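Visitor: Any chance you could fold what I've pasted below:
(chains A and B)
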Amino acid sequence: MQTNRLNQGGFIDRNKTLRFTFNGQSYSGYQGDTLASALIANGIKIVGRSFKYHRPRGIIGSGAEEPNAIFQIGSGATTEAGMRATQIELYDGLVAKSEKGWPSLSFDIAIINDWFSKLFGAGFYYKTFMYPAKFWKIYEYFLRRMAGLGQAPKQPDPDHYSHQNIHCDILIVGAGPAGLMAAVSAGKSGAKVVIADDQAMFGGSLLASKEIIDGQSSEEWIASQVECLKALPNVTCLSRSTVFGYYDYNFLTINERCTNHLSEFTAGQIRQKLWRVRAKRVVLAQGAFERPLVFPNNDRPGIMLASAVSNYIHRYGVIPGKNAVLFTNNDSAYQAAIDLKMAGAQSVFIVDSRSELPSDMVDAAKKCGVELQFDAVIRNAIGNKSIKAVEISTYDANDNTCKDIADKRECDLLIYSGGWSPAVHLHSQSGGKNKWDEERHCFVPDKPSQASSSIGSCNGTWILEDCLKEGINCGQEMVTNLGFQAADINLPNSKKIKISPMKPLWQVIAKDSPEHLPKQFVDYQNDTTVSDIYLAVREGYTGIEHVKRYTALGFGTDQGKLGNINGMAILGQALEKPIAQIGTTTFRPAYTPVTFGVVAGEDIDGMFEPTRKTAMHNFHTDRKAPLEIVGQWVRPWYFPRDNEDMLSAVSRECMAARSSLGIMDASTLGKIDVCGKDAVSFLEKIYTHDVAKMSIGQCAYGVMLGEDGMIKDDGVMARLGENHFYLTTTTGGAANVMSWLEQWLQTEWPHLDVYMTSLTDHLSTIALVGPNSRRVLQTLVNTDLSAELFPFMRTCKSEIAGIAIDLYRVSFSGELAFEINVNSNFALHLWNLLMKAGKDFGITPYGTETMHVLRAEKGFIIVGQDTDGSVNPLDAGLGWLVSKEKDFIGKRSLERADSMRKDRKQLVGLLSVDNKSVIPEGAQLIEKKSTSGPTPMYGHVSSSYYSPVLGYPIALALVQSGRNRYGDKLLAISSDTKAIEVSITKPIFYDLKGERQRVE
Amino acid sequence: MLNEIKKYALDGFINEKESSVISPQGLEINIRAEINFLNIRGSINDSDFIEHAEAVFQQTLPLDFNTFSVGEHHIYWLAPDEWLVVTDHDLKPIVQKISPKIDLYVTNQTGGYTQLILQGNSVRSLLSKGCTLDISEKKFLIGQCAQTGLGKAGILLALTDSSPTFNIIVRRSFAEYVGLWLKQCGNEFGVNFTHKH
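Guide: All right, here's what the predicted structure looks like:
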């Protein structure tokens, strides 16, 4: 039964009934309701339990500020936690659960926290659950259950989310009276405008008002403005869209909820969109939040903000109570009393802390039959699970004290209003400061730090006419600054009323100290009370940021929307300082919670990261090779035959390459073409070896160092012409090396005439490896591959079946080998030709694992695996590569005493003493386990494999003074195997003289 | 003969079984792999270079940043000393015309790029889902190009006519990602992929 539903009024369709459940009970509401309005219509008072004390709580607000009605919505994969009922549009079949309350909302066992609350002040957890330290795991289990912050779904989210970038001249945040006027005046001038509002309908505060504007009802006036905006092609209107983040350079993010109001899951449609807005100017017109008043038991269900009451009556045709008491210190709350009376409330009694002054609002309330009492406050709210009565005291505003209880009055609804706080969140996020306004008693935005303006009530402007005027002026000024001709807009007519000023009342102060009174809540979501703030001050926390962290004031999804200003003022009272000196805490994005789904957008699953594939990729997958990700590339790891396991496959591949013929896809190598008149002098500075001495057609292994003298990257490079070179880089380092080289060229040596162009994608690289590689390749090319004409470390151009190729006689395996570079469009065809040509020699494709084993057997390093940014070429045993005759990047660092220390970690080989244990990569090397104090560590294992050709395991390691320790024994220890005894050797295990790769 | 053995990055990308229904808001994406790419380097302070380049390619070299020239080829500005020629013509006879006396350096990039041509009413909406550049009508004009990002891949984007037609030139190894990105993100508009040979 919708007992609190009015017969008429509101933007709801009484012909469209929607069914929903709340904590398992079925209810109904109407199209146009929010979940909150439907719950109130159904007479639901308790909607949740509080965070710490588990006190019953009711709905306080009607929008983003709601601290209590926070629900788990939906079930299974689509469930969402932390949703505010005031922001959820009702749909048929909606399932809502309150996040706390066990075994039930009306009886929560944890209410004992409230009975013993004297024990549970701020800091209780820090002080109590510290000892004994190892019990924390047990404490945590129970504490997390008690806290109950909703549940994340365990299944993948079936919904579809997307991102949209947009650039505009002006972004307007909030479509209330000020925002709408700004949009109309900017839009009519032709500027590209985006206006976003978090509600389903534009209009903001006007939706809950009966103002007459330009002779129209507020409803008609909003409709005419929206119609005008929608007719402008340069204006984008976004409703249900929360601007939740304001970042540098006027970059803002909007969360648009496209289908949330339709159902829990809408197949095939985008549920939410993330708009990434880059705006030249930003208009902040998000409005203001009404402040609660702070008095004992001010959290009883049935206590509600005055503006929320007006909202529920006007927008949803719901009356939250019939016998109401209204507690205020300002005129704006009188509207709620009038609205209640007009909606048929039996009695409305206003308790005003101020003395009576002439005011149109007071007159209007009296005319409706509202009773009033001035110079009075509410000093206690009575009623456990819902408000039953209030205790009223007389009050003297001048000395800010309340006298003895004067009256007790029964009621079913207590409305309060402590004035208004501008929603300065986005202004604050943008880097803008806020200043305390002594006249309006609120923080208002100070100078903007980016190109933005705050207007309307979010600028502390309360009168409708002033808001409209600010909107017009702001729109016109911004478009003029942007070079548009501002359109003429007439200020709409609205009623002028006389009001009496608000008088601050931060806390109802009684004779007793706050600790002896029932709880007076400041921050509802975090259960922060007045006594917590006093306790924090007593314990020495005086800065607002410290008090925030000690008491949790302004934390969480709430971000202090309701409680912050009261909290700061109370802190000011406790410290006897004016509020202006207290300052605000930092507001951070997100303004309201944002789903992970919309942040991820469409960059999920296979699209999370691009996977780069070589031209031979289909060959690898046809052979069912397991794939390994290297950088963004996917590379074949090994090529198992039938039911081979990895070890057998790799052993077979290694033996094939060592004994006959292997073939590998090396296309992922970074490849850079370097040309220009100064190519030689440029590369002389980059590489440690003598580039100038290279002959045309010669290849060289080279390393590049950072300025710190450490190895940055390595690879074979070749001189193709007088001023023409070809460089290769590691797969993972390709892009970094290219931009690093460009940086040196463009910023340090711009006078050099050098051009670098990436060939990584254009060229595919096929390595033909093994004693039979020359014989097979010779059957395909006309070039004479004999050792006399094409010796080791040479390059030449050639052709296979009409396809142009570049041939390199280089080797990363220690075997006779050729690398063939070819236009990627021909690569797969060429690969297949080679496979066919090598058939008689058992040509064996191999992957990255075999490549690693082959190179480790030869002691060839992999940058990033055997080096880690602290290894210089001397450490790696590459001193022979370092020219003494020229300068190069990192040379000076190599000459530092530290670079030449004898006890630096040096690259060595390791053999396990038992000749069969494969040493885990990453294992630490020690002499013996120490029984007291830390064990000295002498190095670690960087590469480790079983060597099929040798028949025993081998490893590379970095060991302190390693080259002086050949023959020494150490222990290799890691978390997953027993200690393995190892002996130190030279970092080369196979073909020590390098005869195989140079074979004649 | 050689043409038949070539394999391009997006060969096999179009699944013939998938029939897509295109709404009026939808778009056509034409995969054009079978064209040639040539990268040019040289100094704009060297008038001999510019003169020679224009003689070799029979077309003006666009010197304004982020623009391209249209003639026998498309020549895109990539950097103050770098251009990309995209052409249906065979590169060999063109490259043979380059004089070794001039500091004009070229690298063949034909195997390194794929071109996608996007046409339809929703092209801007689709691209702006993953491209942070302002590509609205008034800001990104016909004849303009830009090296920018689409999703997580780098692309060269160009506007060739007002229909609108956008060209995307993407590195070979990122072509599949970009193709899948366009397919997935274009789903809400309807996308039809075609191969042009």
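
Visitor: looking at this, residue A:804 is in a strand?
Guide: Yes: assessed with DSSP: H, G, I helix; E, B strand; the rest coil, residue A:804 lies in a strand.

Visitor: In contact with it, which residues are there?
Guide: If you count contacts by C-beta atoms under 8 Å, 6 or more residues apart in numbering or on different chains, residue A:804 has them with A:797-798, A:822-823. To be clear about C-beta, it is placed using only N, CA and C from the backbone, and glycine gets the same treatment.

Visitor: can you pick the most crowded of the residues you listed?
Guide: residue A:822 (24 neighbours; other C-beta atoms under 10 Å in any protein chain shown).

Visitor: So for that one, what pLDDT did the model give?
Guide: Residue A:822 carries a pLDDT score of 98 in this model.

Visitor: next structured bit after the helix or strand encompassing it?
Guide: Using DSSP states H and E, residue A:822 maps to strand A:817-823. Downstream of strand A:817-823, the next assigned helix or strand under DSSP H and E is helix A:824-837.

Visitor: Name the residues that touch that following helix?
Guide: A:614-616, A:618-619, A:663, A:665, A:667, A:761-764, A:766, A:768, A:776-777, A:779-780, A:800-801, A:803, A:805, A:820, A:822, A:843, A:845, B:2, B:5-9, B:110-112, B:172.

Visitor: Check those for burial and list the buried ones.
Guide: Among these, those classed as buried by 16 or more other C-beta atoms under 10 Å in any protein chain shown are A:614-616, A:619, A:663, A:665, A:667, A:761-764, A:766, A:768, A:776-777, A:780, A:800, A:803, A:805, A:820, A:822, A:843, A:845, B:5-9, B:110-112, B:172.

Visitor: now check stretch A:169-180, is it near chain B?
Guide: No: judged by C-beta under 8 Å from any C-beta of the partner chain, stretch A:169-180 makes no contact with chain B; its nearest approach is 10.6 Å.

Visitor: Surely residue A:396 is in contact with residue A:403?
Guide: Yes: applying C-beta atoms under 8 Å, one finds residue A:396 in contact with residue A:403, separated by 7.5 Å.

Visitor: quick one: low-confidence parts of the chain?
Guide: Picking chain A for this. When residues are selected by pLDDT under 70, those of chain A lie in A:101-103, A:115-126, A:144-148, A:511-515.

Visitor: Let me rephrase: I mean chain B.
Guide: In chain B, residues with pLDDT under 70: B:1-2, B:16-24, B:197.

Visitor: quick check: domain ranges of chain B?
Guide: For chain B, automatic domain parsing gives the domain ranges B:25-34+B:112-195, B:36-110.

Visitor: Next, name the residue at the spatial heart of chain A.
Guide: residue A:599 (7.2 Å; C-alpha atoms, centre = their mean).

Visitor: Domain-wise, how is chain A divided?
Guide: If you go by automatic domain parsing, chain A breaks into A:13-147, A:160-288+A:422-481, A:292-418, A:505-606, A:615-668+A:763-869, A:671-759, A:901-1000.

Visitor: How many residues are close by residue A:586?
Guide: 12.

Visitor: Can you give me the buried ones in stretch B:127-142?
Guide: B:127-131, B:133-135, B:140.

Visitor: Of the contacts of helix A:824-837, which belong to helices?
Guide: A:618-619, A:776-777, B:2, B:5, B:172 (DSSP state H).

Visitor: Need the max-distance pair from those.
Guide: The span of the ones in helices among the contacts of helix A:824-837, defined through C-beta to C-beta, is set by A:776 and B:172 at 27.5 Å.

Visitor: Now do the strand or helix carrying residue A:36: which elements does it pack against?
Guide: If you go by DSSP H and E, residue A:36 is part of helix A:35-41. With contacts defined as 3 or more C-beta pairs under 8 Å, 6 or more residues apart in numbering or on different chains; DSSP states H and E, helix A:35-41 has these neighbours: strand A:13-22, strand A:25-31, helix A:306-316.

Visitor: Give the next helix or strand downstream of the longest one.
Guide: To tie it back to what came earlier, the one meant is helix A:306-316. strand A:323-328.

Visitor: could you give the angle of that following strand to helix A:306-316?
Guide: What separates the directions of strand A:323-328 and helix A:306-316 is an angle of 130 degrees, with axes from the mean of the first three to the mean of the last three C-alpha atoms, to 10 degrees.

Visitor: and stretch B:165-178, does that touch chain A?
Guide: Yes: under the criterion of C-beta under 8 Å from any C-beta, chain A is reached by stretch B:165-178 at B:171-174, B:176-177.

Visitor: can you check stretch B:76-90 too?
Guide: Yes: Stretch B:76-90 lies within reach of chain A by C-beta under 8 Å from any C-beta, at B:81-82.

Visitor: First-to-last residue distance for that stretch?
Guide: End-to-end distance for stretch B:76-90, by C-alpha to C-alpha, to the nearest Å: 18 Å.

Visitor: Show me the contact partners of the strand holding residue A:822.
Guide: Against strand A:817-823 from outside (C-beta under 8 Å, 6+ apart): A:666, A:671, A:762-770, A:773-774, A:777, A:785, A:800, A:803-811, A:830, A:834, A:997, B:108, B:110-111.

Visitor: Just the ones of those residues in strands?
Guide: A:671, A:763-769, A:800, A:803-808, B:108 (DSSP state E).

Visitor: would you list every one of the helices in chain B?
Guide: B:2-5, B:47-57, B:91-96, B:123-130, B:172-185.

Visitor: Off-centre distance for the shortest one?
Guide: Mean-position distance between helix B:2-5 and its chain equals 22 Å (C-alpha atoms, centre = their mean, to the nearest Å).

Visitor: distance of the most far-flung residue of chain A relative to its centre from residue A:693?
Guide: The centre of chain A is farthest from one residue, residue A:788, which by C-alpha atoms, centre = their mean lies 61.2 Å away. Per C-beta to C-beta, to the nearest Å, residue A:788 is found 22 Å from residue A:693.

Visitor: buried ones in the helix ranked longest in chain A?
Guide: The longest helix of chain A (DSSP H) is helix A:464-481. Of all the residues in helix A:464-481, those buried under the rule 16+ other C-beta under 10 Å are A:464-479.

Visitor: Kindly indicate which of these lies nearest chain B.
Guide: Taking C-beta to the nearest C-beta as the measure, residue A:479 is the one of these closest to chain B, at 15.2 Å.
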